[in-house]
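1. One predicted model, sequence on top.
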Amino acid sequence: MDVVLKIILVVFSIGLIAVVLLQRGKSAGLSGAISGGAEHLFGKQKARGIDLFLQRLTIGLAVGFFILSLVVAYFVKN
């Protein structure tokens with residue numbers, strides 16, 4: 001069971017890395033770092049289509065990764 005959970009954890013981590021790399025950048029260099037927060041907070045653009053899907057998939061994979069990490073750590077400890 002321990003090996004299966006570790007394999008699933010590796011799949012989740014590779015998937016999370018791939019999804020994050022597929023997402024479009026939100027800022028453009030140094031000027032984006034300074035004004036990017038205001039644009040993100042007060043911006044009128046909402047994520048649609050593939051951007052919304054990737055955003056939700058990132059959240060799902062991150063939650064799954066976190067929970068699996070805790071479960072694997074518990075099984076390794078015992």
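-> Happy to help now that I have it. Numbers count the residues shown, from 1 in each chain.

2. What are the boundaries of the strands in this structure?
-> Using DSSP state E, the chain contains no strands.

3. now it, which segments are flagged as low pLDDT?
-> In the prediction, the chain carries residues with pLDDT under 70 at positions 26-46.

4. okay, which residue is most central for this structure?
-> Nearest residue to the geometric centre of the chain (Cα atoms, centre = their mean): T58, 3.5 Å.

5. Tell me how far that residue lies from F65.
-> Distance, T58 to F65, using Cβ to Cβ, to the nearest Å: 10 Å. C-betas here are computed from N, CA, C, even on glycine.

6. hey, what's in contact with both of the two?
-> Applying Cβ atoms under 8 Å, 6 or more residues apart in numbering, one finds that T58 and F65 are jointly contacted by L16.

7. Select the longest helix from the protein.
-> Secondary structure of the chain read by DSSP state H shows that its longest helix is helix 50-77.

8. elements contacting it?
-> Applying 3 or more Cβ pairs under 8 Å, 6 or more residues apart in numbering; DSSP states H and E, we find helix 50-77 packed against helix 2-22.

9. packing partners for the helix it packs on?
-> The contact analysis (3+ Cβ pairs under 8 Å, 6+ apart) places helix 2-22 against helix 50-77.
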